[in-house]
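*Asks:* generate coordinates for the sequence data below:
(chains A, B, C and D)
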Protein chains: 2
Amino acid sequence: MSRRAGARTPRATSPTIADVAAAAKVSASTASRAFNHPHLLREETVTRVKAAADALGFRHNQHAKALSTGRSSALGLIVPDLSNPFFPPLVHAAQLTAESQRYSLYILSSERNAARERQLATVVSRDVAGLILASPRMSTPHIQEVAEQVPTVLINRQIRGMSSVLVSAAPAITDAVAKAAEHKIAGIAYIGSDEQWWPNIERESRAREEAAKRSLPYRRLRLSEPTYENARKLMLSMDYRPGELLIAFDDIVAHGVVDGMGARGHHAPRDYRVLGCDDALPINTHPALATVHLDTRTAARIAVDLLLAQARGDEAQNVAVTGVYRRGQTI
Amino acid sequence: MSRRAGARTPRATSPTIADVAAAAKVSASTASRAFNHPHLLREETVTRVKAAADALGFRHNQHAKALSTGRSSALGLIVPDLSNPFFPPLVHAAQLTAESQRYSLYILSSERNAARERQLATVVSRDVAGLILASPRMSTPHIQEVAEQVPTVLINRQIRGMSSVLVSAAPAITDAVAKAAEHKIAGIAYIGSDEQWWPNIERESRAREEAAKRSLPYRRLRLSEPTYENARKLMLSMDYRPGELLIAFDDIVAHGVVDGMGARGHHAPRDYRVLGCDDALPINTHPALATVHLDTRTAARIAVDLLLAQARGDEAQNVAVTGVYRRGQTI
DNA sequence: GTGAAAGCGCTAACAG
DNA sequence: CTGTTAGCGCTTTCAC
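*Replies:* Predicted structure coming up:
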């Protein structure tokens, strides 16, 4: 690490709406109205004010605006882990949607930690017009506490009376199992963490149901955290059952499975079959992983829309966005 | 997509500092001082005010605070692309560092688009106490324009007079080439985009220099965008040179290289060698990729520190954080 | 040490 | 249609 000195930069002071008003020879309220209620003004006045604003490079002070109106023009989005490739596209879509409605978006990452999640939610709830909790791990009472402070929308979690968007993998898991069952499958295993967390529960339940439906042996293999390394190691030591369909929590786990099994000399789809989930990795692998494609961008858009609707007083709504089975060579 | 109606949630109204003051039987100014200048108060008064605040669940209204003091307690961080695994750890570390200094952090993603980057910077610059531009693609004059509005720190870019943190891969590339040169290498190729963008330039320059230093043939293979698919396709059609060392812009490109070459029947390190960069993928692959590990968390911490220092009036500084060569089976 | 009063930049009644 | 006035919640001189 090396350091080297440099110069300092002077700071300009931004024009206020009073400056704009003066330049346009109107009062501050008229200038304000030109932006917020232009229909109340003569068209010529609006034009003149906006021209003056442009000339001065005026931008609203959002803090003053929020203080005055009592509502912020920012939304908050709390995600468990930006490093999980599931979230960045969701975040990005949320940001674009928010912007298109002239809101900005606070993105916060909770490190998959319920306590920190709650802390972030509490702190930010004071300053935003609404909050989106993506796959939250907080307790239901804590979420309700937050929702009392600020309009809140859930992604991948359901709580009575609250808006939510579920990104559902279950139907696609059913499709994948049907596909796998075109060959002989000896049983089904679900590989994920033990968490009581909606995405995990939904996927595990469906895996179990599919096994029951087909009278296949079912088992659940547990990971302390659903990481590549944990999955790979688990495969190294686990009881190998030829012809089993392994349903992994996500693509990261699935790749750990493939590599761990490979190290033991077992290869999909010859010796076993494996399904991933999310379809969000920046690289492909060989053999191409069968997975579930989840449209998180749509989910994010809907979440923002529901949030804004709720902030306007609309009722809570529940929406499900359904993933689709995406073929690969591992089934 | 299915919808179902639900109930609405009532909203509580937050206590103000006046409420706290009343509860503690002091004036608003005293209550304020208890938080901002406790040393001016009797210890007992501070305790009493804070107790009252806790009892009421008081949280400062950041908008009012920012308006009153003229400075926000939020920082902004603009990254080109959250979906690139290089950035989430950086973002996360920046967030933690900011929080530890009682700042919150606005994260914005520019979609690798210079115009949008500028727009985001302009809009947010009005509302934050400082701005970090990570690997910006904006023109230098545009960056300077932003820096006139708000304290700004650059990551992976250098501009005279501005603070910057460079996450340098070059020394590690030199190490990697040395390692590869323990075997016979027939030449060096750099595979990246054509962009005049610091990370790309730094890596390409070093690759070229290493070739010159060893009197090896050098070539540059161009990608329109540095994606997995582009790299894979390029490998399919490119002029294959046995024993060449391929230095990829990042790990994503490197994996495209490995897969494209694999499809042509060429395998590293037997037929060619390949180096990636970033070491941030959530999965490993076989053969394990030789890469450059970049400590983006440290870089982010330093960036936040420099930013806060600059906001306090310190001079601009330049810091380099150096990546290290990480062994793999592809060299 | 503490309180009273003014003001940050903006919006929203209320007049006219 | 537009200006005047008051006030959002907080900090900060300035008195006491």
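
*Asks:* neighbours around A:A93, how many?
*Replies:* A:A93 has 20 neighbours, counted by other C-beta atoms under 10 Å in any protein chain shown. Using the backbone N, CA and C atoms, a C-beta is placed for each residue, glycine as well.

*Asks:* correction: the previous question concerned A:I201.
*Replies:* By the criterion of other C-beta under 10 Å, A:I201 has 12 neighbours.

*Asks:* now do the helix or strand encompassing it: which elements does it pack against?
*Replies:* For A:I201, the host element (DSSP states H and E) is helix A:198-213. With contacts defined as 3 or more C-beta pairs under 8 Å, 6 or more residues apart in numbering or on different chains; DSSP states H and E, the packing partners of helix A:198-213 are strand A:163-168, helix A:170-180, strand A:187-193, strand A:218-223.

*Asks:* quick one: A:V319 and A:S164 touch, right?
*Replies:* Yes - using C-beta atoms under 8 Å, A:V319 is in contact with A:S164, at 7.3 Å.

*Asks:* looking at the helices and strands packed on helix A:198-213, which is nearest to chain B?
*Replies:* Closest to chain B of those is strand A:163-168 (C-beta to the nearest C-beta; 6.9 Å).

*Asks:* buried ones in the closest one, by neighbour count?
*Replies:* Buried residues in strand A:163-168, counted by 16 or more other C-beta atoms under 10 Å in any protein chain shown: A:S163, A:S164, A:V165, A:L166, A:V167, A:S168.

*Asks:* DNA strand C contacts on chain A?
*Replies:* A:16-18, A:28-29, A:32-33, A:35-37, A:58, A:60-61, A:64-65, A:67-69 (C-beta under 7 Å from any atom of the strand).

*Asks:* in helices only, show me those.
*Replies:* Taking DSSP state H as the definition of helices, the residues of chain A next to DNA strand C contribute A:17-18, A:28-29, A:32-33, A:35-36, A:64-65, A:67-69.

*Asks:* just the buried residues from the residues you listed, in ChimeraX please.
*Replies:* Here is the ChimeraX selection string for the buried members of those, based on 16+ other C-beta under 10 Å:
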select /A:17,32,33,35,65,67
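
*Asks:* check the ones in helices among the residues of chain A next to DNA strand C one by one and keep those near chain B.
*Replies:* With C-beta under 8 Å from any C-beta of the partner chain as the criterion, these include A:A64, A:L67 near chain B.

*Asks:* make CSV out of the ones in helices among the residues of chain A next to DNA strand C and add pLDDT.
*Replies:* CSV is the format used below for these (pLDDT from 0 to 100):
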residue, pLDDT
A:I17, 96
A:A18, 94
A:A28, 95
A:S29, 95
A:S32, 96
A:R33, 96
A:F35, 96
A:N36, 94
A:A64, 96
A:K65, 96
A:L67, 95
A:S68, 95
A:T69, 94
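
*Asks:* still on that earlier bit, would CSV of the helices and strands packed on helix A:198-213 with distance to A:P136 and mean pLDDT be doable?
*Replies:* Shown next, in CSV, are the helices and strands packed on helix A:198-213 (distance: least, C-beta to C-beta, whole Å; pLDDT from 0 to 100):
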stretch, distance to A:P136, mean pLDDT
strand A:163-168, 10, 98
helix A:170-180, 20, 98
strand A:187-193, 16, 97
strand A:218-223, 20, 98
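
*Asks:* give me whichever of those is most buried.
*Replies:* A comparison of these by mean neighbour count, using mean count of other C-beta atoms under 10 Å in any protein chain shown, puts strand A:163-168 on top with a mean of 26.

*Asks:* run the chain-centre distance for it.
*Replies:* Centroid separation for strand A:163-168 versus its chain: 10 Å, with C-alpha atoms, centre = their mean, to the nearest Å.

*Asks:* and it, what does it pack onto?
*Replies:* By 3+ C-beta pairs under 8 Å, 6+ apart, strand A:163-168 packs against strand A:152-155, helix A:198-213, helix A:296-311, strand A:317-322.

*Asks:* taking those together, which one is wrapped up most tightly?
*Replies:* For the helices and strands packed on strand A:163-168, the highest mean count by mean count of other C-beta under 10 Å goes to strand A:152-155, at a mean of 28.

*Asks:* which strands or helices does that one pack on?
*Replies:* Identification of packing neighbours for strand A:152-155 by 3+ C-beta pairs under 8 Å, 6+ apart yields strand A:130-134, helix A:140-149, strand A:163-168, helix A:296-311.

*Asks:* need the contact partners of stretch A:252-262.
*Replies:* A:84-85, A:191-192, A:223, A:226-236, A:240, A:246, A:248, A:267-268, A:271-272, A:274-277, A:281, A:285, A:287, A:289, A:291, A:330, B:282-284, B:286 (C-beta atoms under 8 Å, 6 or more residues apart in numbering or on different chains).

*Asks:* show only the entries of those residues found in helices.
*Replies:* If you go by DSSP H, the contacts of stretch A:252-262 have A:Y228, A:E229, A:N230, A:A231, A:R232, A:K233, A:L234, A:M235, A:L236 in helices.

*Asks:* now the buried members of the residues you listed.
*Replies:* In the ones in helices among the contacts of stretch A:252-262, the ones that pass as buried (16+ other C-beta under 10 Å) are A:Y228, A:N230, A:A231, A:R232, A:L234, A:M235.
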